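Student: can you look at this prediction? I've put the sequence above it.
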Amino acid sequence: MMDNVFFWLLEKSTSILSDDKEEKSDILLNAIKDRDLNTVAQLIDVVSDVNKMKFEGKPLLSIAAYSRHVSIVKLLVSNGADIEGIDDKGLTPLHVACSKGTLKIVQFLVSKGGDINRQTSAGMTPLAIVTERGHVKVLEYLISKGVDIKRSNRTGRTPLIWACIHGFLPSVYYLIGEGADVNRPNNRGWTSLHFSVFYDRLDVIKSLVSAEADLDLPDKDGTTPLHVACYNGRMQVLKYLLSIGADLQKVEFDGTTALHIGSAYGHHNVVSFILQQEEGGELVNRPDARGKTPLHVATSHGFTSIIDILVSRGGDLNAQTNKGQTCLHLAAKFCEESTDGEVKKELSKLMAGSSKYMFSFWPLTIPLEFLSRKVANVMVRSSSAISDEVILCLSEEIPNGKVLTLGLKLGISQATVARFESTNVKGTIVTSMGTRAMLYAWLNATASAEAIPTLRRALEESDLLGDWDYSWSRLGISNVCISARSSGG
């Protein structure tokens, strides 16, 4: 009944039988999409050339292949549809049929001369598309027809690489069985194993290893599959690769080790596992080409949990990069650029861990305005003598409203403190110049053995020390200071 109505409308409608291509296109397109063979057959008699009609850049035959209707595909071909007609992305009807996995359409198009090795604009062959989609039956058929399993796309990805990326294990097995090269790299140097690690395809990885994939083959940057596992935190893959002999000592071309990578990307479990390995301890203080150790890179990114574990395994907080930077420099830089409150904790840990070295070589190039008052106090607690750097940092951090209180606690007269305090105010600008001068004047008049305990006590009584509770021995305080503190000053 509906067919009769349609044909009546087709015969009577001057708009459809006119030269209005848009109306014809709409009817034909809907018929193909709806898999309506009779309507397509009737409308083809009206259309003069099936190859001139395209919808969104796609020829009719490609649309039919996408709709997976074998009879419509055959009908279009019998009416002159171009087997090799391409859409605006360079896909032929065969490419489209492969993407849908319709074996009968693929077989028909190939029997009519469809090119099984033709590439799309992106360099994808029918085989690459099939492996990307996991259509094993179509894969087997194309290989039986002599398709080139080695042909890659413009980025160098082979059909095997595509199968590994998408984790289609049957396709992987079949391609390997047909002689696909498991170690063939793409343009960047990544092999099927690199990609399988990146996408966390452990089953695929095992199949590649069984086919003698090279565990340590580097890409153009020297990155091995094990490095890829570390970059992406693939713990199960990392454990498996190390269990079968992957080389943990391999470095990228800039000297980056697996431990550098785990530290830089904040993968605590990766760092912990590497350090549990016998050879892992050798990587703790190994520098890269820039002189950066894993501890440097962890500090640069503010990963406090990584810092903790590296220090616990012998990470050297005093090591310097090629530019002479210690972890303190890098922590301060991170502190300057980050709004993360965890930075203060990180910075304090670094200071507490290596105070003797750090404060004798305090990086004066670091802006002090982003160092908290508590950091200044750690400097005082950590020093066996009050250096210029301690005075500078303290004067910058002590608020102007606390200068009088601190001065009085240090035993300076109120009039003298007021004079120094007034020096801080220059119109509407408040500086630390007077505070610094006051501290220098006090220091010059104080015995060196008494300076640290006296200053610490004054800061504490002025409520400028806060609630920090570091052990004196951990901070490296001299015996003189410890004795002075234990005896009450």
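Tutor: Noted; the coordinates are in hand.
Student: for residue 55, give me the backbone phi and psi.
Tutor: Backbone torsions of residue 55, given as degrees, to the nearest 10, read phi -130, psi 120.
Student: which residues sit against stretch 226-246?
Tutor: Stretch 226-246 is contacted by residues 194, 197-198, 200, 202, 205-206, 209, 215-216, 223-225, 247-248, 250, 252, 256, 258, 261-262, 265, 267, 269-270, 273-274, 277 when judged by C-beta atoms under 8 Å, 6 or more residues apart in numbering. Yep, even glycine has a C-beta here, placed from its N, CA and C like the rest.
Student: please apply the same query to stretch 163-173.
Tutor: 130-134, 136, 139, 157, 160, 175, 192-193, 195-196, 199, 201, 203-204, 207-208.
Student: that stretch: end-to-end distance?
Tutor: End-to-end distance of stretch 163-173 (C-alpha to C-alpha, to the nearest Å): 10 Å.
Student: do the same with stretch 421-439
Tutor: Using C-alpha to C-alpha, one end of stretch 421-439 lies 11 Å from the other.
Student: low-confidence ranges, the stretch 51-200 of the chain, go.
Tutor: Of all residues in the stretch 51-200 of the chain, none has pLDDT under 70.
Student: mind redoing it with 80?
Tutor: 52-55 (pLDDT under 80).
Student: returning to that earlier point: narrow the contacts of stretch 226-246 to just the buried residues.
Tutor: Buried members of the contacts of stretch 226-246, counted by 16 or more other C-beta atoms under 10 Å: 194, 197-198, 200, 205, 209, 215, 223-225, 248, 250, 252, 256, 258, 261-262, 265, 267, 270, 273-274.
Student: buried stuff in stretch 434-449?
Tutor: For stretch 434-449, using 16+ other C-beta under 10 Å, the buried residues are 434-439, 442-443, 446.
Student: what average pLDDT does the strand or helix carrying residue 299 get?
Tutor: Residue 299 is part of helix 294-300, with elements assigned from DSSP states H and E. Helix 294-300 comes out with an average pLDDT of 92.
Student: what separates stretch 239-254 from the chain centre, distance-wise?
Tutor: 20 Å (C-alpha atoms, centre = their mean, to the nearest Å).
Student: with stretch 297-313 instead?
Tutor: Centroid separation for stretch 297-313 versus its chain: 18 Å, with C-alpha atoms, centre = their mean.
Student: low-confidence ranges, the stretch 351-489 of the chain, go.
Tutor: The stretch 351-489 of the chain contains residues with pLDDT under 80 at 351-397, 400, 423-432, 448-449, 452, 456, 464-489.
Student: rerun at 90
Tutor: Applying pLDDT under 90 to the stretch 351-489 of the chain flags the ranges 351-403, 415-489.
Student: same for whichever strand or helix holds residue 43, what does it pack against?
Tutor: In this assignment (DSSP H and E), residue 43 forms part of helix 37-44. Judged by 3 or more C-beta pairs under 8 Å, 6 or more residues apart in numbering; DSSP states H and E, the packing partners of helix 37-44 are helix 2-12, helix 21-33, helix 70-78.
Student: list the buried ones in the shortest one?
Tutor: Neighbour-count burial for helix 70-78, counted by 16+ other C-beta under 10 Å, picks out 70, 72-77.
Student: just give me how far the helix or strand encompassing residue 459 sits from the chain centre.
Tutor: In this structure, residue 459 is located in helix 448-461 according to DSSP H and E. Remark: helix 448-461 is offset 48 Å from the chain centroid, using C-alpha atoms, centre = their mean.
Student: let me see the contact set for residue 186.
Tutor: 152, 155-158, 161.
Student: cool, and residue 177?
Tutor: Neighbours of residue 177 in contact, by C-beta under 8 Å, 6+ apart: none.
Student: same deal with residue 288?
Tutor: 251, 254-257, 260.
Student: quick one on the thing from earlier: just checking, what packs against the helix holding residue 299?
Tutor: For helix 294-300, the elements it packs on are helix 258-264, helix 304-312, helix 327-337, judged by 3+ C-beta pairs under 8 Å, 6+ apart.
Student: please enumerate the strands of the stretch 51-200 of the chain.
Tutor: 54-55, 58-59 (DSSP state E, counting those that start in this stretch).
Student: okay, now the closest residue to residue 184 other than its chain neighbours: neighbour count?
Tutor: Excluding the flanking residues, the one nearest residue 184 by C-beta to C-beta, 6 or more residues apart in numbering is residue 158, at 5.8 Å. Residue 158 has 26 neighbouring residues, counting by other C-beta atoms under 10 Å.
Student: still on that earlier bit, out of the helices and strands packed on helix 294-300, which is closest to residue 32?
Tutor: Among the helices and strands packed on helix 294-300, the nearest to residue 32 by C-beta to C-beta is helix 258-264 (51.7 Å).
Student: right, and the helix or strand after that closest one?
Tutor: Trace forward from helix 258-264 with DSSP H and E and the next one is helix 268-276.
Student: now do that following helix: distance to the chain's middle.
Tutor: That offset, for helix 268-276, works out to 18 Å (C-alpha atoms, centre = their mean).
Student: contacting residues around it?
Tutor: 229-230, 233, 235, 238-239, 248, 258-259, 261-263, 280-281, 283-284, 294, 303, 305-306, 309-310, 313.
Student: drop anything exposed from these.
Tutor: For those, a burial check counting by 16+ other C-beta under 10 Å picks out 229-230, 233, 235, 238, 248, 258-259, 261-263, 280, 283-284, 294, 303, 306, 309-310, 313.
Student: care to break the chain down by domain?
Tutor: Here the domain assignment for the chain is 1-115, 386-489, based on automatic domain parsing.
Student: residue 148: which of those is closest?
Tutor: Nearest to residue 148 among these is domain 1-115; the distance by C-beta to C-beta comes to 11.2 Å.
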